[in-house]
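> Whatever this is, show me its structure:
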Amino acid sequence: MVIVWRGIGIIVPIFLLIGGWIVSYWFDDTRLGNPHFMGWTLFWTSIPLLLVALALFGARLPDPDTGEKPPKSYNDFFFVPVWIWAFGFLIIGIILINKEKEAPYVPPPMEEESTRFEGTKTVNFYNPLADTITVTVEDADEEVVMEEAIPPTHIRWKEFDAGMYTVYYGDEKDYITVLGSKAIDNDRYDNGWYVFGGEHDLILLDVNEACSKEIVKSDLIDINWSEKIVDRYSGDNYLIPRLKPRNDFFFTVYEPGITLPLELQDKEKVYALVSIPVDLETTEEYLDSAIVSVCFD
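Predicted coordinates for the structure are as follows:
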């Protein structure tokens with residue numbers, strides 16, 4: 001594609017690339033399809049472009065002493081003046097920033113899920129109910145591979161070979177399909193989760209801002225945790241929260257109810273799985289309470 005500009009119009013794509021690079025440090029999902037990433041990129045790019053446009057406008061004013069006007073000059077990109085690009089970026093950026101949060105990015109599997117009956121995966125069994133649950137898991141040959149009593153709000157986990165399994169607890173019987181994990185050297189999170197009772201969902205939340213020795217409860221409440229949600233997963237089914245941060249970070253995912261650390265390692269991102277009753281909306285008040293509980297209780 002031929003790029004056409006006049007004067008300093010070439011600064012439009014240059015500023016846009018620089019703006020995207022800077023804003024990307026605050027976003028894990030830097031796709032063009034992420035409206036919030038693109039919105040903030042356009043918003044911050046528009047500000048220096050507006051300043052340049054004002055400077056160009058001032059340069060074209062008549063000389064106050066002689067009244068002489070400077071020769072007309074053109075500063076445009078694809079025949080659109082810089083000031084129009086600036087206002088366009090500003091308006092579109094504000095619209096995208098205020099757009100309702102869409103479903104998060106889930107990296108495509110490296111191969112078809114149906115072919116991944118090899119390897120192993122960690123499966124977590126979470127009991128959010130008020131009573132202890134005894135769970136028995138059988139493989140396809142009806143051999144017991146796990147039998148545990150799980151107290152309320154506790155978790156038991158096991159490394160399963162890929163395959164089909166039957167889960168028994170109380171009078172309930174369920175089936176899960178375990179596919180081999182593609183996580184290598186902490187490059188992604190795709191552990192399996194089985195939430196008993198079907199009465200609770202799991203929310204995957206970016207909690208980096210909560211991991212500080214200096215933070216107090218009022219600071220936690222002031223943070224807009226709704227903007228930190230990666231996804232909400234239905235506890236009705238065996239679920240696999242997936243997470244793949246940027247390559248220059250490593251990450252830790254904390255289980256429901258586990259106390260968060262008071263400091264971060266260099267280039268560490270911390271996420272937490274938060275339990276929520278299925279009939280509750282993901283409100284800021286609920287998230288505030290959940291984060292306070294895993295930081296101070």
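
> Can you name the element that comes right after the lowest-mean-pLDDT helix or strand in the chain?
Within the chain, judged by mean pLDDT, DSSP states H and E, the helix or strand with the poorest mean is strand 5-6; its value is a mean of 74. For strand 5-6, the following helix or strand on the C-terminal side (DSSP states H and E) is helix 11-23.

> Run the chain-centre distance for that next one.
22 Å (C-alpha atoms, centre = their mean, to the nearest Å).

> can you check stretch 221-228 too?
With C-alpha atoms, centre = their mean as the basis, stretch 221-228 stands 13 Å off its chain's centre.

> Quick check: end-to-end length of that stretch?
Its first and final residues considered, stretch 221-228 spans 13 Å by C-alpha to C-alpha, to the nearest Å.

> measure stretch 249-265 end to end?
OK, stretch 249-265 end separation, C-alpha to C-alpha: 10 Å.

> Pull out the buried residues from it.
Across stretch 249-265, burial judged by 16 or more other C-beta atoms under 10 Å covers Phe251, Thr252, Val253, Tyr254, Glu255, Pro256, Gly257, Leu260, Pro261. All C-beta spots, glycine's among them, are computed from the backbone N, C-alpha and C.

> residues in contact with the strand or helix carrying Glu285?
Using DSSP H and E, the element containing Glu285 is helix 284-296. With contact meaning C-beta atoms under 8 Å, 6 or more residues apart in numbering, helix 284-296 is reached by 203, 205, 207, 210, 215, 217, 220-221, 223-226, 229, 254, 257-260, 272, 274-276, 280.

> Which strands border the least confident helix or strand of the chain, and is each parallel or antiparallel?
The pairing partners recorded for strand 5-6 under DSSP bridges are strand 76-77 (antiparallel).

> can you list contacts of the partner strand?
Strand 76-77 has contacts (C-beta under 8 Å, 6+ apart) with Val4, Trp5, Arg6, Gly7, Gly9, Ile10, Val12, Pro13, Val82, Trp85.

> ok, and for stretch 205-221, which residues are buried?
Leu205, Asp206, Val207, Asn208, Glu209, Ala210, Cys211, Ser212, Ile215, Leu220.

> With stretch 119-139 instead?
Neighbour counts over stretch 119-139 (16+ other C-beta under 10 Å) mark 121-129, 133, 135, 137-139 as buried.

> Quick check: of those residues, which lies closest to Asn191?
For the buried residues of stretch 119-139, the minimum distance to Asn191 (C-beta to C-beta) is 4.6 Å, reached by Thr122.

> Can you name the secondary structure element that comes next after the helix or strand hosting that closest one?
Here Thr122, judged by DSSP H and E, is contained in strand 120-126. In the C-terminal direction, the helix or strand that comes right after strand 120-126 (DSSP H and E) is strand 133-138.

> Give me the sheet partners of that following strand and which way each runs.
Partners of strand 133-138 in the sheet, by DSSP bridges, are strand 144-150 (antiparallel), strand 163-169 (antiparallel).

> Can I get it in PDB? Just the C-alpha atoms.
C-alpha atoms of strand 133-138 as PDB (Å, rounded to 0.1, in the frame of the first residue of the first chain):
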ATOM      1  CA  ILE A 133     -18.400 -33.600  50.100                       C
ATOM      2  CA  THR A 134     -16.900 -37.000  49.500                       C
ATOM      3  CA  VAL A 135     -15.900 -37.300  45.800                       C
ATOM      4  CA  THR A 136     -15.000 -40.500  43.900                       C
ATOM      5  CA  VAL A 137     -13.600 -40.300  40.400                       C
ATOM      6  CA  GLU A 138     -13.400 -43.300  38.100                       C
END
